[in-house]
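Trainee: Any chance you could fold what I've pasted below:
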Amino acid sequence: MDTLMQLCGLCLILLIIPVVHTVPWGYPQTKPGTDYWPKIYPMYCAGLSQSPIDIRTTATIKTEPVSFDLLGFGAEAPRGASIVVQNSGLSAQVKLKGDYFVSGGGLPGAQYKAASIHFHWGSTNDRGSEHTVDGRQAPAEMHIVTHDVRFATVSEAAYKVDGLAVLGFFIEIQAQANPKFQALVDALGKLKFNGDTFTLPAPFALSDLLPNTNIMMPYFRYRGSLTTPTCNEVVVWTVFKMPIRLSQAQLNVFRSLLETSPGAPVEIPLVDNWRPTQPLNGRLIYHSAGVLRSN
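Mentor: Model prediction:
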């Protein structure tokens with residue numbers, strides 16, 4: 001009887017302890033895709049304030065323009081700055097070291113520190129961006145991930161309300177190459193396989209990655225989540241209306257990356273690494289014009 005009671009007690013403990021999922025997440029072509037994320041990570045990915053979203057322009061709320069200030073984004077890189085570009089097998093990642101700061105723009109925190117940049121893109125030009133505007137997808141999208149300076153890291157801020165602010169930029173195709181983007185494109189050309197990294201010998205100006213910063217910049221603002229697991233709902237999103245413009249050849253360099261490692265029996269292209277839009281669930285989307293000032 002004592003043994004039976006002990007076994008029952010053990011069963012009860014096992015029922016109480018949450019199951020820890022170790023299933024790797026990914027996109028539909030190789031790993032459990034975006035439809036499975038809410039099952040693998042139910043605490044957040046199944047939430048009601050998920051990202052990305054479709055931005056219906058007729059339903060947005062107009063707000064007064066507020067300018068952004070970007071510190072360290074200009075031609076003179078912050079002291080001790082370094083930029084490491086990586087093929088993570090899920091995206092092209094740009095890891096930032098140095099004092100790159102974002103403030104203003106109506107963000108709830110006084111100042112945010114830029115920690116990384118990553119990209120989402122499609123296998124064809126009719127898809128690729130995570131956010132959509134009136135149902136239309138751009139060929140790609142760039143995200144600058146920043147965390148409130150009250151927290152030491154992105155990981156810490158990811159569990160605090162409004163702890164993260166992400167700046168999103170659509171990427172469109174133009175006839176000519178974007179020369180300011182070429183340093184990053186050249187680095188990506190060295191990163192064919194999952195896990196490949198390249199440290200730039202000299203950091204480029206982050207403002208080179210942005211659209212023209214000298215004019216009014218309409219943007220959309222809403223509260224949402226990370227667009228990759230664990231989908232924490234702590235992100236203040238700013239999605240800029242003016243796109244970055246690259247040539248077809250430059251975008252094709254992104255599509256040349258592989259999500260597989262060297263020696264894999266089959267080479268799998270790293271493409272279509274975007275999450276579909278999520279229900280708005282009554283959230284408000286604001287539409288403003290503002291100025292991006294970089295120095």
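Trainee: now the helices: where do they sit in the stretch 1-150 of the chain?
Mentor: 2-16, 37-40, 42-45 (DSSP state H, counting those that start in this stretch).
Trainee: And the strands in this protein, which stretches?
Mentor: 54-55, 61-62, 68-71, 82-87, 92-97, 101-104, 112-121, 132-133, 140-148, 164-174, 197-199, 216-224, 235-247, 286-294 (DSSP state E).
Trainee: closest to residue 259 out of these?
Mentor: strand 82-87 (8.3 Å; C-beta to C-beta). No exception for glycine: its C-beta is placed from N, CA and C like everyone else's.
Trainee: Adjacent strands (with direction) for that closest one?
Mentor: strand 92-97 (antiparallel), strand 197-199 (antiparallel) (DSSP bridges).
Trainee: Ranking those by mean neighbour count, which comes first?
Mentor: strand 92-97 (a mean of 20; mean count of other C-beta atoms under 10 Å).
Trainee: Stretch 41-55 - what's its average pLDDT?
Mentor: Taken as a whole, stretch 41-55 has a mean pLDDT of 96.
Trainee: if we can go back for a sec, out of the strands of the chain, flag the one nearest residue 277.
Mentor: Closest among those, once you apply C-beta to C-beta, is strand 54-55, at 4.5 Å.
Trainee: How many neighbouring residues does residue 61 have?
Mentor: Burial measure for residue 61: 11 neighbouring residues, criterion other C-beta atoms under 10 Å.
Trainee: cool, the one 4 residues further on as well?
Mentor: Using other C-beta under 10 Å as the criterion, residue 65 is surrounded by 15 other residues.
Trainee: Wait, it touches residue 288, no?
Mentor: Yes - Residue 65 lies in contact with residue 288 (C-beta atoms under 8 Å); the separation is 5.4 Å.
Trainee: Which positions within stretch 134-154 qualify as buried?
Mentor: 137-149, 151, 154 (16 or more other C-beta atoms under 10 Å).
Trainee: Next, count neighbours for residue 82.
Mentor: 15.
Trainee: Now residue 97: closest residue in space, sequence neighbours ignored.
Mentor: residue 82 (4.5 Å; C-beta to C-beta, 6 or more residues apart in numbering).
Trainee: ok, now residue 124?
Mentor: Closest to residue 124 by C-beta to C-beta, 6+ apart is residue 139, at 7.9 Å.
Trainee: can you pull the contacts of that neighbour?
Mentor: 121-122, 124-129, 171-173, 251 (C-beta atoms under 8 Å, 6 or more residues apart in numbering).
Trainee: mind listing what the residue nearest to residue 115 when sequence neighbours are not counted touches?
Mentor: Nearest-residue entry for residue 115: residue 154, 5.0 Å, with adjacent residues in sequence omitted and distances by C-beta to C-beta, 6+ apart. The contact partners of residue 154, taken as C-beta under 8 Å, 6+ apart, are 115-116, 145, 147, 164.
Trainee: make it 10 Å
Mentor: Residue 154 sits next to 113, 115-116, 145-147, 163-164, 226 when contact means C-beta atoms under 10 Å, 6 or more residues apart in numbering.
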